[in-house]
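Colleague: Sharing a model prediction with you, sequence too.
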There are 2 protein chains.
Amino acid sequence: MKTGNVIGIVGGVGPYAGLDLNRKIFDQTIASSDQEHLPVILASFSAIIDDRTRYLLKGDVENPAQKLFTVLELLAAAGATVAGIPCNTAHAESIFEKIEKKVRGSGLDIRLLNMISEVIDHIRSVFPKDVRIGVLSTMGTYKTGLYKQYMEEAEIGVLLPDKKQAEDIHLSIYDPGYGIKARSNPVTKEARQIVVNAVRELGERGAAAVVLGCTELPMALPSDSLDGIPLIDPATILARALIRETYPEKLKSLLA
Amino acid sequence: MKTGNVIGIVGGVGPYAGLDLNRKIFDQTIASSDQEHLPVILASFSAIIDDRTRYLLKGDVENPAQKLFTVLELLAAAGATVAGIPCNTAHAESIFEKIEKKVRGSGLDIRLLNMISEVIDHIRSVFPKDVRIGVLSTMGTYKTGLYKQYMEEAEIGVLLPDKKQAEDIHLSIYDPGYGIKARSNPVTKEARQIVVNAVRELGERGAAAVVLGCTELPMALPSDSLDGIPLIDPATILARALIRETYPEKLKSLLA
């Protein structure tokens, strides 16, 4: 089937984060009928992709890069031309660079966007140069210093929670009882409260905005801001980047 | 990529209905980590598929069966083994039978479930024999008598809104200003009120339950019941059928 540009989503990491990115692509598209919407393929193969954080912290599972690339191959074969992975932790250097290398080496006709680079570009374009930006994430993203590294390279001041708080945030995502990965419809009060407290504390420490740097976190806090602190949702930014790279004329204004 | 059974969703009809079915598959799966979720491919190709209701009522666009089948071919090529179409109107005889015939003729290794048959089976198994069931839908589904025909064949009493009300329901879905297809996040108060009023009236006329027979309608009324009238959501029933036909051991109990 030839339909021009098609957006691909490497879903399943986690399953609801894939749906969330797909919804944001539809939400950010100028359309008032089905026919005005963009072509999107969401492939959720959760079971074959090992946990990204576990790989980074324990290393007792295979590098998820291989299976993430397998899903990209499937998307490319199905016609996807530009793709994104709605998982911050999968953007850690040891995973993401391996995927990028595989894509380059394969000759696949698909372009993989980098969600973290898109977030950095967004921050540079929206905030003045000397502000500090807070980041909440999984322990995998926290310990590998993913956002810290990208932000320092872009000369953006970064504020991170302390280790105890970072562990609480991690549990708000992963706890099998109250964590967002286990219970997202609706998110539990306990998970939400952890995220709210962490955003407030980063605000008190002077954060001009807070990046919800794990695709599960905006499910606990879906608004644009909390107590006047702007919240940056990497999935919304990736959704907009995917539209911009495929059908830029269909991208809603940021002020809409 | 060999991964055994894979669920395929013919998305884009409409785009949010595809997401909704995919979310319900995840919601109805026994899973507490990413890796326990099922493989699903959602292909949204809204732009190539003409409006189902317009085809049925005006006939000035091509039969959507051809392009719905094209998406099934794409899903089968990507590995999907069992698929569903989360659009009630696409199950009208003149569309759905043509798709089924194409699938049979093609030799594609994919099995297409029939959402309406699944709803009928559900009603037979849950409600006593002599009740009457209300149905709300688009004008396409209303005028072709889709549910009416299936229900009469199964000897289930059916209650439909009068023509004026049916037109209001249609507008709650299609109106470019307040309709659910144009504005679903959140659904407008106007669209919701039309659906609420119609359910209440069917209840007053004696409906033991009401089928929300267009995949957009449950977005206006996401609860299980209204004023004590059970609401039947075909997308939830299709989601459960897709799990039952692929990984039955992962299907949540109805009472959970």
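Modeller: Yes, it's here.
Colleague: Quick check: chain neighbours aside, which residue is closest to residue A:50?
Modeller: Nearest-residue entry for residue A:50: residue A:61, 3.8 Å, with adjacent residues in sequence omitted and distances by CB to CB, 6 or more residues apart in numbering or on different chains. Every residue, glycine included, has its C-beta placed from N, CA and C.
Colleague: That neighbour: what's it in contact with?
Modeller: A:50, A:51, A:54, A:55 (CB atoms under 8 Å, 6 or more residues apart in numbering or on different chains).
Colleague: Number of residues surrounding the residue nearest to residue A:96 when sequence neighbours are not counted?
Modeller: Closest residue in space to residue A:96, ignoring its immediate chain neighbours: residue A:90 at 6.4 Å, by CB to CB, 6+ apart. By other CB atoms under 10 Å in any protein chain shown, the residues close to residue A:90 number 25.
Colleague: And residue A:91, by the same measure?
Modeller: For residue A:91, the tally of surrounding residues (other CB under 10 Å) stands at 24.
Colleague: How about residue A:111?
Modeller: 16.
Colleague: before we move on, what about residue A:251?
Modeller: Residues lying near residue A:251 (other CB under 10 Å) number 20.
Colleague: And the helix or strand hosting residue A:134, how far out from the chain middle?
Modeller: Per DSSP states H and E, residue A:134 falls inside strand A:132-136. Offset of strand A:132-136 from its chain centre (CA atoms, centre = their mean, to the nearest Å): 15 Å.
Colleague: So what's the model's average confidence on it?
Modeller: Averaging the model's pLDDT scores along strand A:132-136 yields 97.
Colleague: Parallel or antiparallel, list what pairs with that strand.
Modeller: Sheet pairing of strand A:132-136 (DSSP bridges) gives strand A:157-159 (parallel), strand A:209-212 (parallel).
Colleague: With just CA atoms, put it into PDB.
Modeller: Taking Å, rounded to 0.1, in the frame of the first residue of the first chain, the C-alpha atoms of strand A:132-136 are listed here in PDB:
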ATOM      1  CA  ARG A 132      17.200  25.500  35.600                       C
ATOM      2  CA  ILE A 133      14.900  22.600  34.500                       C
ATOM      3  CA  GLY A 134      13.900  19.700  36.800                       C
ATOM      4  CA  VAL A 135      13.700  16.100  35.600                       C
ATOM      5  CA  LEU A 136      11.800  13.200  37.000                       C
END
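Colleague: Would you mind listing where the stretch 151-256 of chain A has pLDDT under the threshold?
Modeller: A:255-256 (pLDDT under 70).
Colleague: just so I have it, where are all the helices in it?
Modeller: A:163-174, A:189-204, A:217-220, A:234-244 (DSSP state H, counting those that start in this stretch).
Colleague: Now tell me what touches the first one from outside.
Modeller: Read it as helix A:163-174. Helix A:163-174 has contacts (CB under 8 Å, 6+ apart) with A:53, A:136-139, A:142, A:160-161, A:178-181, A:190-192, A:194-195, A:198, A:201, A:214, A:216-217, A:220.
Colleague: Sort out which of these are buried, if you could.
Modeller: Buried residues within those, counting neighbours by 16 or more other CB atoms under 10 Å in any protein chain shown: A:53, A:136-139, A:142, A:160-161, A:178-181, A:191-192, A:194-195, A:198, A:201, A:214, A:216-217, A:220.
Colleague: Can you classify residue A:83 as helix, strand or coil?
Modeller: Assigned with DSSP: H, G, I helix; E, B strand; the rest coil, residue A:83 falls in the strand class.
Colleague: how close does it get to residue A:101?
Modeller: Residue A:83 sits at a distance of 16 Å from residue A:101 (criterion: CB to CB, to the nearest Å).
Colleague: Tell me which of these two has more neighbours.
Modeller: Legend: neighbour count by other CB under 10 Å for residue A:83 and residue A:101, higher for residue A:83 (24 against 12).
Colleague: For the more buried one, give its distance to chain B.
Modeller: Look at residue A:83 and chain B: by CB to the nearest CB, to the nearest Å, they are 14 Å apart.
Colleague: Leaving out sequence neighbours, find the closest residue to that residue.
Modeller: Distance criterion CB to CB, 6+ apart; nearest residue to residue A:83, sequence neighbours excluded, is residue A:8 at 3.6 Å.
Colleague: and the one you found, how many neighbours?
Modeller: Residue A:8 sits with 27 neighbouring residues when counted by other CB under 10 Å.
Colleague: hang on, it packs against residue A:82?
Modeller: Yes. Residue A:8 is within contact range of residue A:82, at 7.0 Å (criterion: CB atoms under 8 Å).
Colleague: Which residues are in contact with each of those two?
Modeller: residue A:110.
Colleague: need the residues of the stretch 101-250 of chain A near chain B, please.
Modeller: A:176, A:181, A:182, A:185 (CB under 8 Å from any CB of the partner chain).
Colleague: what sits against the closest residue to the first one other than its chain neighbours?
Modeller: This points to residue A:176. Nearest non-adjacent residue to residue A:176, counting by CB to CB, 6+ apart: residue B:32, 4.8 Å away. Applying CB under 8 Å, 6+ apart, we find residue B:32 in contact with A:176, A:181, A:182.
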